[in-house]
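*Asks:* could you work out the structure for the sequence below:
(chains A and B)
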Amino acid sequence: MGRAATQGRCLPRFAPKPDMTTARATAIVLTKELRMEFRARELLSTTVVFALVVVVLFSFAFDPTAGESRRYGPGLLWIAFLFSGSLMLNPSFAREQSNQTLDALRMAPVSPFAILLGKMLANLIFMAISEAILVPVFAVLYNISIAGILGRLAGVLLLGTIGLVVTGTVFSAIAAHARMRELLMPLLLLPILAPLLIAAVEATASLFAEQPALDLAWLAFLAGFDIVFLTASWLLSDFLLEE
Amino acid sequence: MKGRGAWTATIAVLMFFAGYAALFIAPDERTMHELMRIFYFHLSCWVAMFCALTLGFVANIAWLATGKPKWDWLGVASVELGVVCCTGGLITGVLWGRPAWGIWWTWDARLTTTFILWLLYISYLLLRGLIEDPQRRASLSAIFGIFAFLDTPLVYASNRLWRTQHPAPVIMGGPDSGLDAMMGKVLIICIISVVAMTVGVLIDRYRLERLRHELDELRLSAELRSADSHTVLTKGLP
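*Replies:* As a prediction, this is how the structure comes out:
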């Protein structure tokens, strides 16, 4: 659509095309994020190990028998995800600061939401990978059978993680400009995620029960949370990334 | 600045009268007796907090839409006052909860929501303190303010679905609810005086923020001028 509008104009050969669609720009940012991470692999490894530490520490805080695990397990799992998410999402924008690469990104003639969305998708993939590693380990350590509920659990995890990643990426862009950003990030993010934590824990608990039956009300709540904050970040992305 | 003295005096008289009315004029309550009297200020704090935070939300949006610094000053002033009122409401609530419920605190929907709200807006104030550049501070804190405001109904809904213990709304709650006529009048006086006091402090806080802004501008222009004169001097040299 935008392409047709500029066809008549003569653009300098090396000028960036102003007609790049949001989808394409998002894909480019996403590829860049993935390439960076899979070359360094520092973010994923630290996140997974941190989440593991949380999971192991919790085993000292309560007695990990099957019954107890069913009661505390969902909360434990989501606290581990939220904590590791609040640490993992921080570098998303902070590491663009060190070489002023964020300015370069901003200069690109794409909508700021594309940059944000690309980073959100990359973070979603990173979180999904860490969860895919962590959930089986958790199931083994805490003696919870997840074989029959894998599909439904993946749905809960996906909806919960989208909300975590959407707010977390926005707050990473906010915290990147502040002093003490490593400390500030969890402070901003974790209270906002309180409703998400409740809904995700309740939905997960309904799956960990003796007779697993997914509580759809909480799943709908999670979807609502995702939609509210994705819309808000879409509307506010221009201001979030302005110079 | 002219009407400030009169305004302060009016608020002082109003507050004094409201306190007197809540303690001595309002009739005794059937089940809670004297304990009821804290409620007049408890509810007033929430009304004032709600007004302040809604004003802050509007100011945040207006700042992003217009970029006029006055909206940023209004935003920070309202959030600060909102946090103060929230603290007042939480403290009166805790004081009431101990004799009425037998516990200081319970994780009920409204209590939890307010607590999270309080934390969120404290984070807002912390965030403002940690960003140097004024323009950026205004924009980023406005975005966070909007997120925090949007989160509040979600916190409430999630807790409501989950568990609740707070008394159901007494006024306009159901067919049996409602206040005695005199209690209603005292309540309205209390709400008006607490809101008036909040508005008074808010105006002062807004002025303080404006003065800070002016001071920053003056300092910056003085620095630029001295830098300029320095350049002129060095240029003048052979």
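*Asks:* assign the most centrally placed residue in chain B to helix, strand or coil.
*Replies:* The centroid of chain B falls nearest to B:G82 when counting by Cα atoms, centre = their mean (1.1 Å). At B:G82, secondary structure determined by DSSP: H, G, I helix; E, B strand; the rest coil is helix.
*Asks:* quick check: it touching B:A52?
*Replies:* Yes. Contact criterion Cβ atoms under 8 Å: B:G82 and B:A52 qualify, at 3.8 Å. In this view, the C-beta of every residue, glycine as well, is placed from N, C-alpha and C.
*Asks:* what is the neighbour count of B:R4?
*Replies:* B:R4: 12 surrounding residues under other Cβ atoms under 10 Å in any protein chain shown.
*Asks:* who's in contact with the residue nearest to the centre of chain B?
*Replies:* By Cβ atoms under 8 Å, 6 or more residues apart in numbering or on different chains, the contact set of B:G82 is B:M49, B:A52, B:L53, B:G56, B:Y121.
*Asks:* swap in 6 Å and give it another go.
*Replies:* The neighbours of B:G82, taking Cβ atoms under 6 Å, 6 or more residues apart in numbering or on different chains as the test, are B:M49, B:A52, B:L53, B:G56.
*Asks:* among the residues you listed, which are in helices?
*Replies:* Judged by DSSP state H, the contacts of B:G82 include B:M49, B:A52, B:L53, B:G56 as members of helices.
*Asks:* how far away is the second one from chain A?
*Replies:* The one in question is B:A52. Noted for B:A52: a distance of 19 Å to chain A, by Cβ to the nearest Cβ, to the nearest Å.
*Asks:* before we move on, the earlier item: ok, so of the contacts of B:G82, who is nearest chain A?
*Replies:* B:L53 (14.6 Å; Cβ to the nearest Cβ).
*Asks:* what's the closest non-adjacent residue to that closest one?
*Replies:* Excluding its sequence neighbours, the residue lying closest to B:L53 (Cβ to Cβ, 6 or more residues apart in numbering or on different chains) is B:G82, at 4.1 Å.
*Asks:* so where's chain A uncertain?
*Replies:* By pLDDT under 70, the low-scoring segments of chain A are A:1-19, A:243.
*Asks:* what does it put close to chain B?
*Replies:* A:174, A:177-180, A:187-188, A:191-192, A:194-195, A:198-199, A:228, A:232, A:236, A:239-240 (Cβ under 6 Å from any Cβ of the partner chain).
*Asks:* if we go to 7 Å?
*Replies:* Listed as neighbours of chain B in chain A under the rule Cβ under 7 Å from any Cβ of the partner chain: A:174, A:177-180, A:184, A:187-188, A:191-192, A:194-195, A:198-199, A:202, A:217, A:221, A:225, A:228, A:232, A:236, A:239-240, A:242.
*Asks:* contacts only, for B:L64.
*Replies:* Taking Cβ atoms under 7 Å, 6 or more residues apart in numbering or on different chains, we find B:L64 in contact with A:F239, B:S139, B:A142.
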